[in-house]
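Have a look; sequence and predicted model below, questions after that.
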Amino acid sequence: MSLLLTIIGLLVALIVIFNHIGVRVRKKGMRPISAQEIEDAGQKYALTNDGRLVAYAVYGSEQPGADVVINMHGSALEAGFEKATYANICHALNVKGIAISLPGCGFTDQKPGRKVIEWASEDLAAVLKAERVEQFHITGHSQGTPHAMAAALTYPDRVIGLGLNAPFLPPELNQELGFSRTIGSGRTPHSSSLKKYNMGWYFSVFRIVFGMLPPSVATGVLRKGFPKVEADKELVERFHASLKRGVVRGTSGSTWETAQDSCFDWGFDVRDLSHSNAFVWHADDDNTVPSIQGKWLAGLLGADHKHEEEGYGHLTYCSGQYQKPDKSIVAAMIKGVSQP
């Protein structure tokens with residue numbers, strides 16, 4: 001009996017320690033950075049009205065008057081992934097590209113409990129002002145898609161092209177429509193819960209997954225069953241490199257970003273969205289976000305809709321033939337949905 005009690009006591013102690021480590025990670029937040037560190041990484045920054053730092057990368061055309069496209073990354077990544085994906089494309093198309101790191105990702109300051117709709121009038125607004133951008137196109141991949149939609153809702157006269165790559169819908173709408181839900185939807189805590197002491201373990205888990213384990217662990221679901229992805233060393237390295245940069249200031253920010261009310265409850269109704277130059281590209285073999293969600297969204301917008309299986313799943317439209325400038329979603333937006 002004494003041995004059993006000792007084992008139980010040790011387990012309880014380990015659980016308490018594991019939880020407390022996470023509490024310390026949460027309390028510490030993101031490490032401070034200097035302007036020089038951001039510049040050395042090939043990025044720039046702007047400040048929101050409330051003083052938050054927003055990091056972004058600029059690439060492509062330097063010609064005055066060139067079309068501008070904002071490229072928004074997916075979960076756990078940062079601006080560098082979009083830059084690596086679109087820099088050559090933007091240069092070839094004479095387009096100025098801007099990739100923005102979402103709150104808590106890369107060099108951008110975190111904002112616990114944020115709503116997606118707030119991002120457009122805060123982070124995006126700061127970058128548009130800093131770069132003196134009026135009208136622009138915007139693309140989003142995965143978690144970047146609700147941010148692109150928020151931009152189109154916030155700036156209906158300024159967003160002249162909307163490109164949604166593997167988009168997903170809020171959990172309530174998926175339930176209403178009878179669609180299978182996105183991975184993680186309805187399964188992560190709300191930000192109010194993450195503020196509690198007993199949720200420290202959650203921050204510890206993400207510190208291990210994104211801060212200590214190799215990136216290949218986090219990308220397993222995207223690679224499993226997709227030999228083309230496994231064989232595309234450049235794509236895998238591009239993804240892994242961005243995962244590492246995503247937690248350059250620690251894992252606290254990325255952990256807050258997984259909260260249901262930040263990741264899945266956006267603060268706007270998708271059905272209020274309309275756009276005359278919209279593109280929804282969502283492969284039918286996507287094993288992360290069911291493609292029926294993209295199909296429904298394409299119907300809502302009357303969008304150009306690509307969806308054929310090409311063996312890349314969730315990463316279809318940032319790889320393979322779509323890395324050729326004329327095949328890219330950027331080229332499609334510039335050309336316009338109404339043209340043959």
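Structure's in. What do you need? Keep in mind that what you see is a predicted model, and the values were worked out from it rather than measured.

With adjacent residues omitted, what lies nearest to T255?
F206 (4.2 Å; C-beta to C-beta, 6 or more residues apart in numbering). C-beta coordinates here come from the backbone N, C-alpha and C atoms, glycine included.

moving C-terminal of the one helix or strand the one you found maps to, what's the next helix or strand?
Here F206 sits within helix 200-211, counting by DSSP states H and E. The first helix or strand that comes after helix 200-211 along the chain, using DSSP H and E, is helix 215-218.

now the following helix or strand past that next one: how far from the chain's centre is it?
Moving toward the C-terminus from helix 215-218, the first helix or strand encountered (DSSP H and E) is helix 220-223. Relative to its parent chain, helix 220-223 has a centroid offset of 16 Å by C-alpha atoms, centre = their mean, to the nearest Å.

Mind giving me the packing neighbours of helix 220-223?
The contact analysis (3 or more C-beta pairs under 8 Å, 6 or more residues apart in numbering; DSSP states H and E) places helix 220-223 against helix 227-231.

The helix it packs on - what's its average pLDDT?
Average pLDDT, helix 227-231: 94.

before we move on, what about stretch 68-88?
98.

End to end on that stretch, go ahead and measure it.
From its first residue to its last, stretch 68-88 covers 14 Å (C-alpha to C-alpha, to the nearest Å).

List the buried residues for it?
68-88 (16 or more other C-beta atoms under 10 Å).

now swap in stretch 123-137 and tell me
Buried-residue list, stretch 123-137, by 16+ other C-beta under 10 Å: D123, L124, A125, A126, V127, L128, A130, E131, F136, H137.

Out of those, which sit inside strands?
Applying DSSP state E to those, the entries found in strands are F136, H137.

Let me know the closest of the buried residues of stretch 123-137 to G320.
Checking the buried residues of stretch 123-137 against G320 with C-beta to C-beta, the nearest one is H137 at 21.7 Å.

is the closest one in a bridge, and if so with what?
V69, G161 (DSSP bridges).

Show the pLDDT at it.
pLDDT at H137 comes out at 99.

Same question for the one 5 residues further on.
Confidence per residue is given as pLDDT, and for S142 that number is 97.

cool, M199 as well?
M199 is given a pLDDT of 98.

my guess is it meets H190, correct?
No: if you go by C-beta atoms under 8 Å, M199 and H190 don't touch, sitting 10.2 Å apart.

quick one, which of those two is more surrounded?
M199 (17 against 14; other C-beta atoms under 10 Å).

how much space between the more buried one and D109?
As judged by C-beta to C-beta, to the nearest Å, M199 and D109 stand 21 Å apart.

likewise L10?
39 Å.

neighbour count winner among these two?
The neighbour count for L10 versus D109, taken as other C-beta under 10 Å, is higher for D109 (22 against 10).

Provide the secondary structure category for that one.
coil (DSSP: H, G, I helix; E, B strand; the rest coil).
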